[in-house]
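Asker: turn this into a model:
(one chain, ligands or ions: 1)
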Amino acid sequence: MDELNRLRRQIDAIDDQLHDLLMRRTELAVAVGAAKAAKQPVSGNSPAEGAKFIRPAREAKILRRLIARHRGKLPKAVVVRMWREMISALLQVEGPFAVAVYAPQGQPGYWDLARDHYGSRVKILTFSRVDRALSAVMDGSATVAVLPFPREDETDSWWRRLIGSPQLPHIIARLPFGDPGNQRNPDLQALVVGRTPTEPTDRDHSLLVLEAPEPISRSALRQALANVGLETSFIHGGRDRRGPDLNLVEVAGYVAAQDPRLTLVMNALGKDTLGRDARLHAIGAYAEPLTKAELADEPAGGVH
Ligand SMILES: O=C(O)C(=O)C[C@]1(C(=O)O)C=C[C@@H](O)C=C1
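Answerer: As a prediction, this is how the structure comes out:
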């Protein structure tokens with residue numbers, strides 16, 4: 001047998017092993033799905049029920065672990081893509097799932113992010129308005145929504161709708177998690193909103209909304225957060241024609257809705273001149289995406 005045939009025989013044997021393992025992993029995901037459904041009964045096939053199955057923190061931890069151990073010439077970005085396709089497919093084996101995406105005419109960027117993260121077969125509902133995409137999660141016609149990462153200069157910010165009740169959806173992920181690849185808009189960043197409970201990984205960022213009847217200086221807010229060990233990554237103003245001024249604050253680390261540090265910060269900010277309290281709401285957290293350094297590959301080599 002010549003060398004080429006001998007190598008191809010080895011590849012066939014490996015393909016069989018990979019395929020066997022893939023089928024075995026599918027059986028395990030089915031069992032995981034059944035365990036989740038036993039804890040939280042699932043009623044019907046609505047995409048809203050998908051919140052009982054998706055675990056963004058677990059997905060992030062799987063990918064970080066594999067990328068850290070990866071060796072050889074297969075690009076890490078490809079490993080991420082293969083695992084994203086598999087994990088998302090298995091999530092959809094476990095239960096119903098649909099993604100709402102902000103995708104106005106001529107702006108396919110968020111659609112690319114959604115497809116890259118949730119896989120080539122995921123059901124995508126497109127909306128030409130951000131608030132409609134968020135509403136799809138609110139009304140249960142989508143499991144998650146892929147929305148523009150907030151900007152300082154925006155008005156009518158979608159994140160304003162995440163405060164007011166613990167039943168509301170919250171931020172659960174940031175996209176892209178891996179390399180943007182050949183996306184049509186490689187600089188685009190998105191946040192994902194859904195109803196699945198957030199969980200910490202070892203590297204997270206959390207989003208807070210400050211609701212203050214009178215403006216509070218950004219430096220006072222940064223200091224009050226620093227005093228409880230929370231480092232601010234940004235503070236955005238949130239002017240709105242219809243509602244009160246709110247600030248969006250991102251901090252490093254994981255802050256749950258009931259985190260006691262929020263009360264400490266609110267107390268430290270004190271009352272305004274009319275005796276009114278400032279309120280700080282946690283509106284979700286995301287696992288930090290893989291960094292460029294983590295995704296860096298071994299120098300190219302081999303025969304060309
Ligand atoms: O670990 C779980 O909870 C799973 O459901 C399995 C799995 C996976 O395929 O690894 C699939 C979907 C979840 O979002 C996270 C991970």
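Asker: what pairs with whatever helix or strand S233 lives in, parallel or antiparallel?
Answerer: Secondary structure assignment for S233, by DSSP states H and E: strand 232-238. Sheet pairing for strand 232-238, assigned by DSSP bridges, gives strand 246-252 (antiparallel).
Asker: can you name the next helix or strand after the strand it pairs with?
Answerer: Once strand 246-252 ends, the next helix or strand along the chain (criterion: DSSP H and E) is helix 260-269.
Asker: show me what that next one is packed up against.
Answerer: Packing contacts for helix 260-269, counted by 3 or more C-beta pairs under 8 Å, 6 or more residues apart in numbering; DSSP states H and E, involve helix 218-227, strand 279-287. C-betas here are computed from N, CA, C, even on glycine.
Asker: looking at those, which is closest to the ligand?
Answerer: Across the helices and strands packed on helix 260-269, the minimum distance to the ligand, taken as C-beta to the nearest ligand atom, is reached by strand 279-287, at 11.8 Å.
Asker: now that closest one: how far from the chain's centre is it?
Answerer: Centroid separation between strand 279-287 and its chain, computed with C-alpha atoms, centre = their mean, to the nearest Å, is 13 Å.
Asker: dump that strand to PDB, restricted to CA.
Answerer: C-alpha atoms of strand 279-287 as PDB (Å, rounded to 0.1, in the frame of the first residue of the first chain):
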ATOM      1  CA  ARG A 279     -31.300  52.700  42.700                       C
ATOM      2  CA  LEU A 280     -28.900  50.300  41.100                       C
ATOM      3  CA  HIS A 281     -30.200  47.400  39.100                       C
ATOM      4  CA  ALA A 282     -28.200  44.400  37.900                       C
ATOM      5  CA  ILE A 283     -29.400  43.600  34.400                       C
ATOM      6  CA  GLY A 284     -27.200  40.700  33.500                       C
ATOM      7  CA  ALA A 285     -23.700  39.500  33.000                       C
ATOM      8  CA  TYR A 286     -21.600  37.900  30.200                       C
ATOM      9  CA  ALA A 287     -18.600  35.600  30.000                       C
END
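Asker: next SSE after whatever helix or strand V93 lives in?
Answerer: Element membership for V93, per DSSP H and E: helix 76-94. Once helix 76-94 ends, the next helix or strand along the chain (criterion: DSSP H and E) is strand 99-102.
Asker: residues contacting the nearest residue to P108 once chain neighbours are set aside?
Answerer: Spatial nearest neighbour of P108, chain neighbours left out: R184 (5.7 Å); criterion: C-beta to C-beta, 6 or more residues apart in numbering. Taking C-beta atoms under 8 Å, 6 or more residues apart in numbering as the criterion, R184 is in contact with P108, G109, D112.
Asker: tell me the secondary structure for the residue in the stretch 151-300 of the chain positioned nearest to the ligand?
Answerer: For the stretch 151-300 of the chain, the residue closest to the ligand is T196, as judged by C-beta to the nearest ligand atom, at 8.3 Å. Following DSSP: H, G, I helix; E, B strand; the rest coil, T196 is assigned to coil.
Asker: next, count neighbours for the nearest residue to it once chain neighbours are set aside.
Answerer: In this structure, T196 finds its nearest non-sequential neighbour in A51, 4.4 Å apart by C-beta to C-beta, 6+ apart. Using other C-beta atoms under 10 Å, the number of residues around A51 comes to 21.
Asker: list the contacts of A145.
Answerer: So A145 contacts V99, A100, V101, Y102, A133, L134, A136, V137, P169, V192, V193, G194 (C-beta under 8 Å, 6+ apart).
Asker: tell me which residues touch R71, please.
Answerer: R71 touches E298, counting by C-beta under 8 Å, 6+ apart.
Asker: perfect, I'm done here.
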